[in-house]
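Novice: 3D model of this:
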Amino acid sequence: GLATFDDCYYAQQAKEILKTGDWLTMHYAGKPLFENDPFCLWCMAACFKLFGISEYTARMYSAFFGVCTVIGVFLLAELLFDYWTAFFSAAALLTTQYFQKYAKHAMLDVTLSFWAVTAILFFMLALKKDKNIFFILFGISGALAMLTKNILGSFPLIAAVLFLIINARWKILFKPAFLAGLFIAALI
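Specialist: Numbering: from 1, shown residues only. This next block holds a predicted model:
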């Protein structure tokens, strides 16, 4: 019942996590596979373990992260602008046909969107609130984005560095908390 080959491909890898008991090396058709990053596969395998293996549980984590992405967009837009801009930003995302479609698939894209939005939200909170913990959370979110979809997950981290360079915010660029966030992202 899964819609695409990708859905089935990821679901099979998640099933094989449970079958092999190996949460570090992904498998497909019984053979080790090093093609996909593990975060979404871990989420899907956890859903399978908790709720049983079905097409609905294969999609559950993506739908969850879809809802969380809409909330994250609202929070980010409210931080940067105001309530109504946040409301319409979240509504625009929620009513976008492709976003709705992919939030219902057992694929990586919506989860990547969540971690990218979350990383940028924490980065902006760190700049606005001047609290070091937000730089650490920025690094962790960036790391989870990379564990979701490898090089594409590094874009929020790269964007933050470029933002600081373009705006000549050198003190923040070399601030120990910011560097610690980047180090944590690289370490994870």
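
Novice: quick one: Leu18 and Phe48 touch, right?
Specialist: Yes: using Cβ atoms under 8 Å, Leu18 is in contact with Phe48, at 5.8 Å. C-beta: built from backbone N, CA, C; applies to glycine.

Novice: For Asp82, grab phi and psi.
Specialist: phi -150, psi 180 (degrees, to the nearest 10).

Novice: what's the burial count for it?
Specialist: The tally of other residues near Asp82 (other Cβ atoms under 10 Å) stands at 10.

Novice: From Phe74, how far out is it?
Specialist: Per Cβ to Cβ, to the nearest Å, Asp82 is found 12 Å from Phe74.

Novice: How about Ser113?
Specialist: For Ser113, the distance to Phe74 - Cβ to Cβ - is 14 Å.

Novice: Comparing those two, which shows the higher neighbour count?
Specialist: Ser113 (24 against 21).

Novice: pLDDT at that one, what is it?
Specialist: Looking at Ser113, its pLDDT reads 97.

Novice: cool, Tyr61 as well?
Specialist: Confidence score, pLDDT, at Tyr61: 94.

Novice: Can you name every helix or strand that whichever helix or strand it is part of contacts?
Specialist: Tyr61 belongs to helix 55-80 when elements are defined using DSSP states H and E. Secondary-structure packing of helix 55-80 (3 or more Cβ pairs under 8 Å, 6 or more residues apart in numbering; DSSP states H and E): helix 5-20, helix 39-51, helix 83-94, helix 97-103, helix 109-129.

Novice: need the ones you listed in JSON lines with distance to Lys171, can you?
Specialist: Shown next, in JSON lines, are these (distance: least, Cβ to Cβ, whole Å):
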{"stretch": "helix 5-20", "distance to Lys171": "43"}
{"stretch": "helix 39-51", "distance to Lys171": "33"}
{"stretch": "helix 83-94", "distance to Lys171": "29"}
{"stretch": "helix 97-103", "distance to Lys171": "37"}
{"stretch": "helix 109-129", "distance to Lys171": "11"}
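
Novice: Determine which stretch of the ones you listed is the most buried.
Specialist: Of all those, helix 109-129 carries the top mean neighbour count, a mean of 23, counting by mean count of other Cβ atoms under 10 Å.
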